[in-house]
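K.L.:
sharing a model prediction with you, sequence too.
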Amino acid sequence: MYLSKIFAPRLREVPQDADTVSGQLMLRAGLLRKSASGIYTYLNLGLRVKQRIETIVREEMDSHGAQEILMPLLMPAEPWQATGRWDLYGDEMFKLTDRKGRPFCLGPTHEEMVTSVVGAERHSYKELPFNLYHITNKYRDEIRPRYGLIRSREFVMLDAYSFDRDETAVEASYALMVEAYNNIFHRVGLTFRPIQADSGAIGGSSSHEFTVLAENGECSYAACDACGYAANLEIARAQRSSALPPAADSVTAMETVATPAIHSIVEVAQFFGVDAAATLKSILYIVDNKPVLAVVSGDDDVNETKLRKVVHGQEDRLATDDELMATLGVHAGSVGPAGVSVPVVVDASVQQEAAYIAGAGADGFHVRNLVPDRDLKPAFVADIRTVRAGDCCPVCGKLLHTATGIEVGHTFKLGTKYSVPLHASFVDEDGSEKPYVMGCYGIGIGRTMAAVIEQHHDDKGIIWPTAVAPYEVIVIPLNKGDDAVWHAALDLHDALEKAGVSAVIDDREESAGVKFNDADLLGFPVQVVVGNSFLKTGNFEVTLRGNKADKNSVPAHEAPAFIEDLMRTSP
RNA sequence: CGGGAUGUGGCUCAGCUUGGUAGAGCGCUUGGUUCGGGACUAAGAGGUCGUGGGUCCGAAUCCCACCAUCCCGACCA
């Protein structure tokens, strides 16, 4: 391919609205153009990468027993209403109506659709298990699209759905998909780790996220290097390791202290001359329209996901100032946990026998010597704190660290959450109809592409892993005016193409510097320079984009074989 | 949804305070010179100044509304 013929307009300057390395590089290298916030056009080079990732995904899916289908993006509302997600998804779902006024949506995912398709037939247990997957666009009207392809409103996703006879059988289907996922992410060149995760809006019993380490990650997790425990911060557990409050003197009663203009935990700790760990933080939440007071150690943060689970809620949010006033008669800053009329959830790491300082439940006052065991009447005592770096691993007790990553894949065990409401059932051995036990498995293709760039770039540009590179080799003839150079370069290019190696030749009238910089920006794994050294010695200069220091001087006739060999032995 | 910012040739931005009819660099076209890490030179093309309205003799500039984009927040008492 002639470089001048590829529609991949490069940008010298960083586009103003790109907020991540991958986003900038995709725009700069001409892989992508933005159409609207969170909506992109894949230009040719970007499409090629996308297709290569999809090919790897298909190969692994097929070899792990899944079969490809294709479901519509535009879906009727009924199945969504049947599972309750029509409302649950809320504004995040792109909804529309047809000319007759019938409601439709642009699918944010496809559980309802596959389950309806499968449920329309009546299978025998003998035909189980089976797994259906497809790769298409998904639509989610994100509150705030961000990070280029990492959080967009239209995105390409693989999703696979397994159908099993029972809870035992689903384990095997799940394991198969986890294996396929591991293979896929290895093959595309990502370093990643599977972490335990919340199942969120999809629902279901357990789930894992496949997370690649990246600064621009949209997901935070805690991990233990000693035993391998890793979990999304939404659900991560830990042994609290920070300072403890002073032990209680059981005789001393709770005492109210005037604390004018003292609001934050930092101010409270300073005022009383204690560590933040000796204070309690009381925060009023509204969970499913009912108030719940969450109480954690002053140096901790409430984990809303955990809180929601404790009280079996669906949605939660912070109470507004007005609600706070109406419910507890106090402003933020003096909210206290003692003697309140709303349900109180106390974090399990709060010391029951210790003396804490907390808000007094009246503006401008705090209390000291609050002993939880004596002074609080919690509805629940449960783990509702967010894990922090420095906490200890819940499994082995070693130090936990936290990091952010990009969630590129997610696997869920769904149970019968969809098969029951959508009446998807099979006939079991005893002749009875039973709902399928389902699993679902998703991979963000565009996100994977972005993650690959996040992990494989330098200050010059992209460094594509060979497995997903839009082209594998770029041939750079310098001195285009010199016929010998040009023809040698073209011969190499043709020989590579004939050998099945995708190659680009930089046929432009540009100075050497421009060609080198563009080659580095575009990031094709192998660069071949045909220039002065060729004129002197007849050799090409072959380098890997990821290791420019190693220059290989290769005789022209040996170059194709050398390059193929080089690609085979490098990532 | 709240707060903030921005919107000017393809890109990055200046001009706006103090209204007088639009600029730079990059990119693009043509010619010449260059030719191993973003060359030089000459000549050129290219702009409804986000949209609509208002003020004014006159608006990119001032005022209002809307739209779009981005950032921050919705994370804490």
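P.N.:
Thanks, I have the structure now.
K.L.:
check which helices and strands the one helix or strand in chain A whose mean pLDDT sits lowest is in contact with.
P.N.:
Using mean pLDDT, DSSP states H and E, strand A:316-318 stands out as the lowest-scoring helix or strand of chain A, at a mean of 80. If you count contacts as 3 or more Cβ pairs under 8 Å, 6 or more residues apart in numbering; DSSP states H and E, strand A:316-318 packs onto strand A:280-287, helix A:304-310. Placement of C-beta: from N, CA and C, glycine included.
K.L.:
pick the most buried one from those.
P.N.:
strand A:280-287 (a mean of 22; mean count of other Cβ atoms under 10 Å).
K.L.:
and it, which strands flank it?
P.N.:
Take DSSP bridges as the rule and strand A:280-287 pairs in its sheet with strand A:290-297 (antiparallel), strand A:316-318 (antiparallel).
K.L.:
want to throw the ones you listed into TSV with mean neighbour count and distance to RNA strand B?
P.N.:
Shown next, in TSV, are those (neighbours: other Cβ atoms under 10 Å; distance: least, Cβ to the nearest atom of the strand, whole Å):
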stretch	mean neighbour count	distance to RNA strand B
strand A:290-297	22	8
strand A:316-318	14	3
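K.L.:
mean pLDDT for those: which is lowest?
P.N.:
Among the strands paired with strand A:280-287, strand A:316-318 carries the lowest mean pLDDT, a mean of 80.
K.L.:
now the helices for the stretch 401-550 of chain A?
P.N.:
A:445-455, A:483-498, A:512-522, A:532-537 (DSSP state H, counting those that start in this stretch).
K.L.:
domain parsing for chain A?
P.N.:
A:17-236+A:403-453, A:255-382, A:471-569 (automatic domain parsing).
K.L.:
for A:P245, what are its contacts?
P.N.:
By Cβ atoms under 8 Å, 6 or more residues apart in numbering, A:P245 lies in contact with A:V274, A:D275, A:A277, A:A278, A:T279, A:S297, A:Q351, A:A354, A:A355, A:Y356.
K.L.:
wait, which of those is closest to RNA strand B?
P.N.:
A:T279 (7.7 Å; Cβ to the nearest atom of the strand).
K.L.:
gap between the nearest residue to that closest one once chain neighbours are set aside and RNA strand B?
P.N.:
Counting by Cβ to Cβ, 6 or more residues apart in numbering, A:T279 lies nearest to A:G298, which is 3.3 Å off, once chain neighbours are set aside. Distance, A:G298 to RNA strand B, using Cβ to the nearest atom of the strand, to the nearest Å: 7 Å.
K.L.:
ok, A:G298 touching A:I265?
P.N.:
Yes - checked against Cβ atoms under 8 Å, the pair A:G298 and A:I265 is within contact range at 4.4 Å.
K.L.:
which neighbours do those two share?
P.N.:
A:A276, A:T279, A:K281.
K.L.:
let me see the contact set for the most centrally placed residue in chain A.
P.N.:
Against the mean C-alpha coordinate of chain A, by Cα atoms, centre = their mean, the closest residue is A:E407 at 1.9 Å. For A:E407, the contact set (Cβ under 8 Å, 6+ apart) comprises A:A197, A:E209, A:F210, A:T211, A:G217, A:E218, A:C219, A:G444, A:R447.
K.L.:
next one: phi and psi at the closest residue to A:R10 other than its chain neighbours?
P.N.:
Once flanking residues are discounted, A:R10 sits nearest to A:G30: 5.2 Å by Cβ to Cβ, 6+ apart. Per-residue torsions, A:G30: phi 70, psi 30 (degrees, to the nearest 10).
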